[in-house]
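# compute the structure for the input listed below.
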Amino acid sequence: MKLRELARRTDVSTASIKYYIRLGVLGTGEKRNATTAVYGDAHVHRLALITWLRRELALPMSSIAVLTHAIDDETLDNLELMGVCQRLALGLDSCLDSAPEPQPTATPPTEGTGDAAAPPRRNDPDVITDLDAEVGDVLSDLGWPDVSPTARAAVAVCLRDLIDAGYDVGRDIVMTHATALAQIARENTLPISDSLTRDEIALAVIRGITLHNRLLISMSTLVHAAMSAQARKPRD
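Predicted coordinates for the structure are as follows:
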């Protein structure tokens, strides 16, 4: 198809398509002559990915460029690519170029002195390491493959924050959440297979994580509100 047809089919302006090509996030068309190039399904899939990332996540082009570079990098297998997509969907896209695991930031200085107990050391790397290992142990107990250090580390950080906030969080909590979400996750991941193009895989992973996380948060709010009201309901 020619540029105008590609623009019509993807609902992306010709100016934007040319801009994406100049940035290197979209491949050039196949030259037919000095003034004409033709485009294929690969361009349609890439534009669908870029459009969704810009519209739904408002990602900067720099982050999109890192993702498209990973998609085009044939040394990365599909599972590794999905890990890159997870980092982006979890809001860790600023780290994508070097793909490090989430690291705690430096502990801010504590103001004041005295005998009062110091606040929890929220950024103690040993705490994160221990929690990360505990999450890994749960995966092992369940017989699940431990293939996403990014997601496991993100869970560890959330657990650390809950502990610091005074919640009683332990291995049982991790196990309860994991088993409760298993059925949902199985159904959500069924459409993602190696038969898809790498752009389609990236879009499916990022879109799935983003939209289902929104649903989980809203459903969690709904259920917590109902349980709270139920607990306070006067008994006959």
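
# pLDDT at the residue nearest in space to the middle of the chain, what is it?
With distances taken as Cα atoms, centre = their mean, the residue of the chain nearest its centroid is residue 89 (2.3 Å). Looking at residue 89, its pLDDT is 87.

# tell me the spacing between it and residue 57.
Look at residue 89 and residue 57: by Cβ to Cβ, to the nearest Å, they are 8 Å apart. For the C-beta atoms, the positions are set from N, CA and C on the backbone; glycine is no exception.

# for residue 139, same thing?
According to Cβ to Cβ, residue 139 and residue 57 sit 28 Å apart.

# the residue lying closest to residue 191 once chain neighbours are set aside: neighbour count?
Taking Cβ to Cβ, 6 or more residues apart in numbering as the measure, residue 191 lies nearest to residue 204, with 6.4 Å between them; neighbours along the chain are not counted. Applying the criterion other Cβ atoms under 10 Å, we find 19 residues in the vicinity of residue 204.

# what do residue 89 and residue 57 both touch?
With contacts taken as Cβ atoms under 8 Å, 6 or more residues apart in numbering, residue 89 and residue 57 have 206, 210 as neighbours in common.

# returning to what we had before: hmm, the residue nearest to the centre of the chain is touching residue 204, no?
No: counting by Cβ atoms under 8 Å, no contact exists between residue 89 and residue 204, whose distance comes to 11.0 Å.

# quick one on the thing from earlier: show me what contacts the residue nearest to residue 191?
Each residue near residue 204 by Cβ under 8 Å, 6+ apart is listed here: 191, 192, 196.

# closest one to residue 28 out of these, please.
Closest to residue 28 out of those is residue 196 (23.0 Å), distances taken as Cβ to Cβ.

# for the closest one, what are its contacts?
Here residue 196 is in contact with residue 204 (Cβ under 8 Å, 6+ apart).

# equivalent analysis for the one 5 residues further on, please.
The contact partners of residue 201, by Cβ under 8 Å, 6+ apart, come to 78, 81, 82, 85, 192, 194.

# put the buried members of those into a ChimeraX selection.
One line in ChimeraX is enough to select the buried members of the contacts of residue 201, burial here meaning 16 or more other Cβ atoms under 10 Å:
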select :81,82,85,192
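
# the contacts of residue 201: which two are farthest apart?
85 and 194 (14.6 Å).

# residue 199 is in contact with residue 70, isn't it?
No: counting by Cβ under 8 Å, no contact exists between residue 199 and residue 70, whose distance comes to 11.0 Å.

# and the pLDDT for the closest residue in space to residue 26 that isn't next to it in sequence?
With Cβ to Cβ, 6+ apart as the criterion, residue 26 has its nearest non-adjacent residue at 3.8 Å, and that residue is residue 20. pLDDT recorded at residue 20 is 97.

# could you pull up phi and psi at residue 20?
Here the main-chain torsion angles of residue 20 (degrees, to the nearest 10) amount to phi -60, psi -40.

# wait, doesn't it sit right on residue 29?
No: under the criterion of Cβ under 8 Å, residue 20 makes no contact with residue 29, lying 11.9 Å away.
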